[in-house]
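Peer 1: My questions concern the predicted model and sequence given below.
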Number of protein chains: 2
Amino acid sequence: MGLAKTEMFTDLQNEIALYAKVFGHPARVAILQKLFAIDACYCGDLVNEIGLAQPTISQHLKELKHLGLIKGNVEGTSVCYCINTEKWTKMKEVMIQFLDQDIPKADCC
Amino acid sequence: MGLAKTEMFTDLQNEIALYAKVFGHPARVAILQKLFAIDACYCGDLVNEIGLAQPTISQHLKELKHLGLIKGNVEGTSVCYCINTEKWTKMKEVMIQFLDQDIPKADCC
DNA sequence: AATATTAATCGTAATATTGCAATATATAAA
DNA sequence: TTTATATATTGCAATATTACGATTAATATT
């Protein structure tokens, strides 16, 4: 298969999984950290910074953009990427609520 | 390929990606939510609760256990699963630090 | 001992992901 | 208008993931 049966889960469960999935590759983590560190970044800089080929970086950027977590701004021949702060804040709320559930008292049955 | 080039990333980036990856499937999100909700849970209960086949649930539990986020306690013929609170707390710190980076002032270049 | 119950493992089919070379596209510069 | 530069898209090979039927393993019950 390789295909998650999303219809058997709640919208929230699927939403959490979608966000998590996009963070599930170190290249995308690295891209996001870089965008946070320097506020805005050209695609070419990311290709140099991270050691992956240009089409590979472009593909990872596309996934981040598709979820809305980053924005791309065309400037001449290059594209400037940055964090979509509004969307990031929304995502953060959802994810932190999931991560920050009340820890059970006892460790196991 | 289908194989992430982990050697070109920092340990932290790979750690974040590994945690995120395991949350990247709604079934595993659902399992964890259930374990938080009722503190401890038998494998069979999870199979009933979530609509996936027993081997599928067993596989997802294995992945969560492999990362150390849950513990399994054999009780006769059944196995009682629960959150590994110590590991969960450590994971939470790492993930929240990633999610909670300082939002840039300007939205884009 | 024979049978039932519960969960793990194996094998396998369907699909998804990753990475990159080659190519296309779009703007800038000469 | 040709050429250079930067990024996106396409196509494809290698690998990973998801799901489940069949089977196995381990303990309980009769």
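Peer 2: That came through fine. Residues are numbered from 1 along each chain as shown, chains lettered A, B, ... in the order given.
Peer 1: for the helix-or-strand element of chain A with minimal mean pLDDT, packing partners?
Peer 2: Sorting the helices and strands of chain A by mean pLDDT, DSSP states H and E puts strand A:41-42 at the bottom, at a mean of 88. With contacts defined as 3 or more CB pairs under 8 Å, 6 or more residues apart in numbering or on different chains; DSSP states H and E, the packing partners of strand A:41-42 are strand A:78-83. Heads up, the C-betas are built off the backbone N, CA and C, glycines and all.
Peer 1: just to revisit the earlier point, name the strands paired with the least confident helix or strand of chain A and say parallel or antiparallel.
Peer 2: strand A:78-83 (antiparallel) (DSSP bridges).
Peer 1: gap between the helix or strand following the strand it pairs with and the chain center?
Peer 2: Going down the chain from strand A:78-83, the next helix or strand is helix A:85-99, by DSSP states H and E. Relative to the centre of its chain, helix A:85-99 is centred 11 Å away, using CA atoms, centre = their mean, to the nearest Å.
Peer 1: Now helix A:85-99: buried residues?
Peer 2: Buried residues in helix A:85-99, counted by 16 or more other CB atoms under 10 Å in any protein chain shown: A:85, A:88, A:91-92, A:95, A:98-99.
Peer 1: again with stretch A:43-54
Peer 2: Buried, per 16+ other CB under 10 Å, within stretch A:43-54: A:43, A:45-47, A:50, A:52.
Peer 1: and it, how far apart are its ends?
Peer 2: One end of stretch A:43-54 sits 8 Å from the other (CA to CA, to the nearest Å).
Peer 1: which residues sit against the least confident helix or strand of chain A?
Peer 2: The contact list for strand A:41-42, computed with CB atoms under 8 Å, 6 or more residues apart in numbering or on different chains, reads A:34-35, A:78-82.
Peer 1: repeat for stretch A:12-19
Peer 2: A:4, A:6, A:9, A:67, A:91, A:94-95, A:98, B:23-26, B:28-30, B:33.
Peer 1: hmm, try it at 10 Å
Peer 2: Residues from elsewhere that reach stretch A:12-19 (CB atoms under 10 Å, 6 or more residues apart in numbering or on different chains): A:4, A:6-10, A:24, A:67, A:69, A:90-92, A:94-95, A:97-99, B:20, B:23-30, B:32-33, B:50, B:99.
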